[in-house]
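Participant: my questions are about this predicted structure, shown below with the sequence.
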There are 2 protein chains.
Amino acid sequence: MRPVAILGIGQTRIDEHWDRSLRDLAVEAIVNALHDAGRQSVEGLFVGNMMAGILSAQNNLGPLVADWAGLRTGDAVRVDAACASGAAALRAALMAVASGELDSALAVGVEKMTDRPMPEVTAALATAADADYEVDMGVSFVGLNALIMRRYMYEYGWRHADFAPFAVNAHANAVDNPYARLRHPITAEDFERSPMIATPINLLDASPVGDGAAAVYLVPADSLRGAGHIRVLASAAATDTLAVHHRQDALFLTAACKSAQEAYRQAGLAPQDIDLFELHDAFTIMSALSLEACGFAERGQGVRLALEGEITPGGRIPICTRGGLKARGHPVGATALYQVVEVVQQLRGEAGRTQVPEARIGMTQNIGGSGATIITHILGKA
Amino acid sequence: MRPVAILGIGQTRIDEHWDRSLRDLAVEAIVNALHDAGRQSVEGLFVGNMMAGILSAQNNLGPLVADWAGLRTGDAVRVDAACASGAAALRAALMAVASGELDSALAVGVEKMTDRPMPEVTAALATAADADYEVDMGVSFVGLNALIMRRYMYEYGWRHADFAPFAVNAHANAVDNPYARLRHPITAEDFERSPMIATPINLLDASPVGDGAAAVYLVPADSLRGAGHIRVLASAAATDTLAVHHRQDALFLTAACKSAQEAYRQAGLAPQDIDLFELHDAFTIMSALSLEACGFAERGQGVRLALEGEITPGGRIPICTRGGLKARGHPVGATALYQVVEVVQQLRGEAGRTQVPEARIGMTQNIGGSGATIITHILGKA
């Protein structure tokens, strides 16, 4: 397979965009990515989206979005892997370009979540879990994560307050990100006073829903001359059981470990080579588990890494450098593309106040379901 | 890219399987394909499905199906291109193997449509059209096809009765297919007496919904020794506008033409080299338009080909040789995989009474939306 480069990036501000439709948002991100890439057309379009069929009565987003963007591509399909839909779409686009089948591809993630009443959105999110054996038993998606967090606290002795640095770091980093949903800083005291959602997960443990879209434009790396462009050094997917109760160990993200190890192998790198890590902090517990599964902390010690300040932009392994899912926002199928856009900004040196010094290697990881589908990408500056 | 072969095929009978869930059906097809391939594991799983999010409250089918099948794959994602979801999943699996990223992949299509009341199914099918500019105006999916058929009859002077041979051929071919939904023959008189659905489309113009799953197992062709295996000679996708009213010409399937031409180019073949063509006869009008767009008939003359008997198993271009969407059934996201399984049966000489004599080259074509996403595959006997 041939190496692939990211030639352009685009994103929309994440918000409650009640005046704009799903296709409008996708097209804004695409147009921004085309502009950034200096291109006007593309050979294939891969759309990451989870819920448009349920919340917008719209499937078949490939031709819908392509047409609205004024593009007439060959491939135009949607890829769904629940909250990892964006990374799955990126991976499909990557394989299309890496294989030589296409010479250019756009991966766009888009989700429109705020047009419907919250109970409908909660039900739609629950389709990421096992409908017959989890959801029908009455557990919601946040409920599943709450069970995992409770068990983690029990096993390793952490208090709820110990998770505060994850949320505080994310909010601090989002302040200067004009595309972020929540741009206000919070304190550890705010975190502890926040309303409970599903014990022990409270409002500030959880990432907000939102409407948004982000896109990247891919080309073969050998089509670019000179240094300075961004290459995809690794792309790896791994799968675990969908139902949490089917797993050997609910406190270890086996698929995160497998996909990260495979990504390190592809890139010829180790955890200590990663300058920043945009992980999938849908809930604070997921940040801890991701850091552990990917080799940045021992089991049960992801929380300690946060408490010691090592996850901030100046720390050992900066995470959520533009706000993460927690504060930038989590428009589900778009999230992975926001992560990739943000790593590109970091590698280009365009991350402003939260710029990670001398960032040359960045990793993204996107999780579908409560650890079922996990896809890792590593980007590097050529 | 390296050539890819189909090592195994599997399918379930299409029916109202009220006693079996979506995952059960998918796993039956997968197990059959694994058995046919003589394999027990696979590196990647690509699921074609359109409506599980809406009709079964279940997204994230990749890990769901992989887990139920006892497989632990790296990639496990769903691909959606409405009624072309199966072909899009196959194409994703093909690219994964052709690129060298994976050494084996399963493409499975699955749809569970009969557990919900018909109005819900009709609404779910309509998500293949443009929600804002078609469906909100009150048109259903069959309504869109009816508008196209009415215009075709007006432009070219055909009567409704002239479309009968499409349905008669499909039903005749399904009689001996144990996996088919409708195994009774019909006459031209039955066709004309059938109840109207959306004028001029009546019940026997339209393909039935159903529950079903079909799967194929892909490997690099160079891993197989000797002759007799089935190769994928071409895979090509093309996209048109989603909304029918955005098209220059509603009576020509531009995307079918583009994808077929690209497939012919890849395979180094022309229409006269195709021994059988499993086309997307969701409605009789689509059979006519597909034959015309793919070079088997002049514009407006697809109906004549049928009237002259050239679409039967002994004719010039046999179509729907195992029943087609019309009589085998149309479990939407699974349909393309049924088409491929049936072409493999023909090329292996296992098609029984409807065996096409000396079939060596077979083509499949799967349509998403009313002509929006069209994906063509050509298979050949090595």
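Facilitator: Structure's in. What do you need?

Participant: could you use CA atoms for every contact and neighbour count after this?
Facilitator: OK.

Participant: is residue A:103 in contact with residue A:93, as I believe?
Facilitator: No. Applying C-alpha atoms under 8 Å, one finds residue A:103 not in contact with residue A:93, separated by 10.4 Å.

Participant: who has more neighbours, the two?
Facilitator: Neighbour count, other C-alpha atoms under 10 Å in any protein chain shown: between residue A:103 and residue A:93, residue A:93 has more, with 28 against 17.

Participant: so who does that one touch?
Facilitator: A:44-46, A:105-107, A:218 (C-alpha atoms under 8 Å, 6 or more residues apart in numbering or on different chains).

Participant: give me the residue from the stretch 101-250 of chain A nearest chain B.
Facilitator: residue A:238 (4.0 Å; C-alpha to the nearest C-alpha).

Participant: in space, what's closest to that residue - neighbours in sequence excluded?
Facilitator: Setting aside the residues directly before and after it, residue A:238 is nearest to residue B:74 in space (C-alpha to C-alpha, 6 or more residues apart in numbering or on different chains), at 4.0 Å.

Participant: isn't the one you found right next to residue A:254, touching?
Facilitator: No. Counting by C-alpha under 8 Å, residue B:74 does not reach residue A:254; the two are 11.6 Å apart.

Participant: roughly how far apart are the residue of the stretch 101-250 of chain A closest to chain B and residue A:266?
Facilitator: 14 Å (C-alpha to C-alpha, to the nearest Å).

Participant: now swap in residue A:219 and tell me
Facilitator: Using C-alpha to C-alpha, one gets 19 Å for the distance from residue A:219 to residue A:266.

Participant: how about residue A:351?
Facilitator: 27 Å.

Participant: returning to what we had before: who touches both of residue A:103 and residue A:93?
Facilitator: Contacts common to residue A:103 and residue A:93, judged by C-alpha under 8 Å, 6+ apart, are absent.

Participant: next, count neighbours for the residue nearest to residue A:238.
Facilitator: Neighbours of residue B:74 (other C-alpha under 10 Å): 25.

Participant: phi, psi of it?
Facilitator: Main-chain dihedrals, residue B:74, degrees, to the nearest 10: phi -70, psi -80.

Participant: got it, and residue A:258?
Facilitator: Given degrees, to the nearest 10, the pair of backbone angles that residue A:258 has is phi -60, psi -50.

Participant: that older thread, comparing residue A:351 and residue A:266, which residue is more hemmed in?
Facilitator: Between residue A:351 and residue A:266, residue A:351 has the larger neighbour count (other C-alpha under 10 Å), namely 18 against 14.

Participant: wait, isn't that one in contact with residue A:345?
Facilitator: Yes. Assessed by C-alpha under 8 Å, residue A:351 is found in contact with residue A:345 at 5.5 Å.

Participant: overlap in contacts, those two.
Facilitator: With C-alpha under 8 Å, 6+ apart, residue A:351 and residue A:345 have no common neighbours.

Participant: the residue positioned nearest the centre of chain A and residue A:109, how far apart?
Facilitator: Closest to where the C-alpha atoms of chain A average out (C-alpha atoms, centre = their mean) is residue A:336, at 3.2 Å. Residue A:336 is 7 Å from residue A:109, where distance means C-alpha to C-alpha.

Participant: what do those two both touch?
Facilitator: Joint contacts of residue A:336 and residue A:109 (C-alpha under 8 Å, 6+ apart) are A:85-86.

Participant: tell me the residues of the stretch 151-300 of chain A that contact chain B?
Facilitator: Contacts of the stretch 151-300 of chain A with chain B, taken as C-alpha under 8 Å from any C-alpha of the partner chain, map to A:236-243, A:259.

Participant: so residue A:374: helix, strand or coil?
Facilitator: The three-state label for residue A:374, taken from DSSP: H, G, I helix; E, B strand; the rest coil, comes out as strand.

Participant: count of residues packed around it?
Facilitator: 33.

Participant: with the one 5 residues further on instead?
Facilitator: The tally of other residues near residue A:379 (other C-alpha under 10 Å) stands at 24.

Participant: the helices in the stretch 101-250 of chain A, which residues?
Facilitator: Assigned by DSSP state H, counting those that start in this stretch, the stretch 101-250 of chain A shows helices spanning A:118-126, A:141-156, A:164-174, A:188-193.

Participant: so the first one versus helix A:141-156, what angle?
Facilitator: Compare the direction of helix A:118-126 with that of helix A:141-156 by axes from the mean of the first three to the mean of the last three C-alpha atoms, to 10 degrees and you get 60 degrees.

Participant: by contact count, what packs against helix A:118-126?
Facilitator: Judged by 3 or more C-alpha pairs under 8 Å, 6 or more residues apart in numbering or on different chains; DSSP states H and E, the packing partners of helix A:118-126 are helix A:52-55, helix A:141-156.

Participant: in the helix or strand containing residue A:29, which residues are buried?
Facilitator: When elements are defined using DSSP states H and E, residue A:29 is found to belong to helix A:22-37. Neighbour-count burial for helix A:22-37, counted by 16 or more other C-alpha atoms under 10 Å in any protein chain shown, picks out A:22-34, A:37.

Participant: which of these sits closest to residue B:161?
Facilitator: residue A:23 (40.7 Å; C-alpha to C-alpha).

Participant: residues contacting the residue nearest to the closest one when sequence neighbours are not counted?
Facilitator: Counting by C-alpha to C-alpha, 6+ apart, residue A:23 lies nearest to residue A:65, which is 5.7 Å off, once chain neighbours are set aside. Neighbour list for residue A:65: A:23, A:26-27 [criterion: C-alpha under 8 Å, 6+ apart].
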